[in-house]
Structure formats: structure tokens, C-alpha cells
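*Asks:* Turn this into a model:
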Amino acid sequence: MKNLIPFFALIIFTACQSQFPTTEQLHSSNIEFHSANSNVIETSNSSSEIQDGWYSNLNEIKGFENYDEENGIILNANLSLATYFNQNTPTDKIIVLEKIKHRPNGEAMFKRLTDITIQLRTNQFLTTDFCTLDNNSNAKIIALYETTNNSNKIIKAWKINEKSLELNSIATKHVKCMLDI
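*Replies:* Model prediction:
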């Protein structure tokens, strides 16, 4: 149990930004969102096959065998937000809102509640922390942003809704993030 405390502290204090630029262009035929700048596939709820099962690693679930955890944030005693990347194509990301429970031995188990699949393009990055909505730093915002000519532009954002257990798409107008250039 003592060994889990530094692990959870590391998760909480780790910067939650990911960057995997690629020289390959991702094909827009894989995109289901109707915007020229977007590369996001949103899933409102997981399938009942996955939703009924608990896991310690997402790659235990059929269809996610090639995914590894990139980072995670503990939202409260029962919820976490994790970012996973595809080992074969590291620019393919899945952000998963997960329910947490602990086995008697202290091992954390997770249940996939909902997710967002993102295919990062060159100069695109993802942050699952460090953003505000209308200057509210407790808003729990996820942002997809693009860096060009030493400036950052948020191109898509979601708010974590802990009551409905959803990742809700929101307008980017009032979202501000502390982004590194």
C-alpha cells in the first residue's frame, strides 16, 4: 500500500500534455466530425460488452490491445480520466472517463464509462489539465490545440461532467489553457 502513494502522487502532479507529431498526414476519411480542422471521433457511451467489465489496463479489452496508458488524472475517489495511445500509431489517442474501485489488495480497477478518440495531426497537442472555463480553474477541461508560428489555438474542448459521467463538447471561446510553446 505504501508503494501506491508515490504512484498516485506522480499521476496527480505529472503534466498532462501529450505530443506526438508525425510526418505522416492523417487521412480525413478516418474522421467523423464535420469540421475542416477537426480530427475527433466522439463516443457518448461505451458498448455494454465493455461497460460490464472491470480492467486494470485498457489493453485487456478486445479492440484496445495495442493501447498503452500515457497519463491519468484522479478526479475524485471514484473517477479518473486517462489518456491512452496506440503503440502502432502514437498519434491515435483515446481519452477515457473511468470509474475506479480498489480490490482488497489495494490494486486499482477501472470501468470505461465514455471516451473520445483523437487522431493528432502534425503540430497538434492534447491537454487534460491546466485549462479554465470562464476563469474557473476547477472546470475540468480537456483541450485539443494546434501550435503554429509560436502561437497556440484551441480547436476543440470538452468539459468533464462528473454528475452525468460524460465528456461534453463545449465552445472554445471562453476556454484558456496554460500551454507551453
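*Asks:* make it CA atoms for all contacts and neighbour counts henceforth
*Replies:* Noted.
*Asks:* Name the residues linked to residue 153 by a beta bridge.
*Replies:* Beta-bridge partners for residue 153, by DSSP bridges, are residue 146.
*Asks:* Could you do residue 97 as well?
*Replies:* Here residue 97, judged by DSSP bridges, has bridge partners residue 81, residue 114.
*Asks:* Surely it touches residue 79?
*Replies:* Yes - Residue 97 lies in contact with residue 79 (C-alpha atoms under 8 Å); the separation is 7.2 Å.
*Asks:* who has more neighbours, those two?
*Replies:* residue 97 (27 against 19; other C-alpha atoms under 10 Å).
*Asks:* how close does the closest residue to residue 95 other than its chain neighbours get to residue 105?
*Replies:* Distance criterion C-alpha to C-alpha, 6 or more residues apart in numbering; nearest residue to residue 95, sequence neighbours excluded, is residue 83 at 4.5 Å. Using C-alpha to C-alpha, to the nearest Å, we find residue 83 at a distance of 25 Å from residue 105.
*Asks:* more crowded one of these two?
*Replies:* Per other C-alpha under 10 Å, whichever of residue 83 and residue 105 has more neighbours is residue 83, with 25 against 7.
*Asks:* Now do the same contact list for the more buried one.
*Replies:* Counting by C-alpha atoms under 8 Å, 6 or more residues apart in numbering, residue 83 touches 69-72, 93-96.
*Asks:* mind checking which helix or strand residue 99 is in?
*Replies:* strand 92-102 (DSSP states H and E).
*Asks:* Can you name every helix or strand that that strand contacts?
*Replies:* strand 79-86, strand 108-119 (3 or more C-alpha pairs under 8 Å, 6 or more residues apart in numbering; DSSP states H and E).
*Asks:* Can you read off the backbone torsions of residue 58?
*Replies:* Note on residue 58: its backbone torsions stand at phi -60, psi -30 [degrees, to the nearest 10].
*Asks:* what number of residues lie near it?
*Replies:* 22.
*Asks:* give me the beta-bridge partners of residue 136?
*Replies:* Counting by DSSP bridges, the residues bridging with residue 136 are residue 133.
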